[in-house]
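Colleague: turn this into a model:
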Amino acid sequence: MNFSEFTAHISTLTNTKLGGRVSQFKLVPELRIKISEEKIKAANPREASVLALFYPDAHKQTRFLLTQRASYNGTHSAQISFPGGKTEPNETLKETALREAEEEIGLRNNNVTIIRSLSPTYIPPSNFMVTPFMGFSETRPKFKPNHEVSELIEVLAEDLINDSNLSSVSMKTSYMDKIDVPCFTFNSHIVWGATAMILSEIKDLLKEVH
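Modeller: Predicted coordinates for the structure are as follows:
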């Protein structure tokens, strides 16, 4: 997808109805679907937000950024995610996404235009409700990852739309051992869980303009 094509459809991306749970649940194991809204509400999850940033590469093709977290003693060690984190007191979810992106990948806020917020996504292992924000930069930012990031993963938007990058992998999750988990495969990286759920909604949104 050429970046000029992407930006020409910003208005459509902004106003198209989101796929919500229908889009998200295309990329979750069957057991995950059984977690009801009532159980999520009862868990009183903490709020967080992430940034799905789109930008042109050297060939004017549209890419978005994922990060691989550094290894640490925690729930999401070494996982692939969007830049983001938990909301601080007196901070809006949008402000959280931009602040975390600046801290984690050195993204300057004045280089980002927010397109819209996406459907909140619940993460059971860490009990977070994550609100994604879709944004873009007119040029490829000069990324400066901090210690929380072990690798930057720059993915073509075309690869997200392409169904051949959908598959499943057998893994151990917080629900049970050795279950088939639907995932995306980008640049040899396996993307699953909440990040895949968010990407599934973005994929359906992009298909509306592609």
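Colleague: I'd guessed residue 179 sits against residue 28; true?
Modeller: No - applying CB atoms under 8 Å as the test, residue 179 and residue 28 come out as separate, 10.8 Å apart. Where you see a C-beta, it was placed from the backbone N, CA and C, and this is true even at glycine.
Colleague: these two: who's more crowded?
Modeller: Taking neighbours as other CB atoms under 10 Å, residue 179 and residue 28 compare with residue 28 leading, 20 against 16.
Colleague: secondary structure element for the nearest residue to that one once chain neighbours are set aside?
Modeller: The shortest distance from residue 28 to any non-neighbouring residue, by CB to CB, 6 or more residues apart in numbering, is to residue 197 (6.2 Å). Under the criterion of DSSP states H and E, residue 197 resides in helix 193-207.
Colleague: just the pLDDT for residue 74.
Modeller: Note on residue 74: pLDDT of 50.
Colleague: for residue 83, see how far away residue 8 is.
Modeller: Between residue 8 and residue 83 the distance is 26 Å, computed by CB to CB, to the nearest Å.
Colleague: which one's more surrounded, these two?
Modeller: A direct count of neighbours by other CB under 10 Å for residue 8 and residue 83 places residue 83 higher, at 28 against 11.
Colleague: hmm, residue 48 and the more buried one touching each other?
Modeller: No - between residue 83 and residue 48 there is no contact under CB under 8 Å: 11.4 Å.
Colleague: quick one, what contacts the closest residue to residue 149 other than its chain neighbours?
Modeller: If the residues on either side of it in the chain are set aside, residue 149 comes closest to residue 67, at 4.7 Å by CB to CB, 6+ apart. If you count contacts by CB atoms under 8 Å, 6 or more residues apart in numbering, residue 67 has them with 80, 81, 82, 83, 104, 105, 145, 149, 151, 152, 153.
Colleague: surely the last one is in contact with residue 82?
Modeller: Translated: residue 153. No - with contact defined as CB under 8 Å, residue 153 does not reach residue 82; the gap is 10.4 Å.
Colleague: between those two, which one's more packed in?
Modeller: Shown here are residue 153 and residue 82; by other CB under 10 Å, residue 82 has more neighbours (25 against 18).
Colleague: tell me which element the residue nearest to residue 192 when sequence neighbours are not counted falls in.
Modeller: Nearest residue to residue 192, sequence neighbours excluded (CB to CB, 6+ apart): residue 183, at 4.0 Å. Here residue 183, judged by DSSP H and E, is contained in strand 179-186.
Colleague: ok, and what's touching that strand?
Modeller: By CB under 8 Å, 6+ apart, the list of residues contacting strand 179-186 reads 26-29, 31, 66, 153, 155, 159-160, 165-171, 173, 190-193, 196, 199.
Colleague: neighbouring strands for it, and are they parallel or not?
Modeller: Strand 179-186 pairs in its sheet with strand 166-171 (antiparallel), strand 189-191 (antiparallel), by DSSP bridges.
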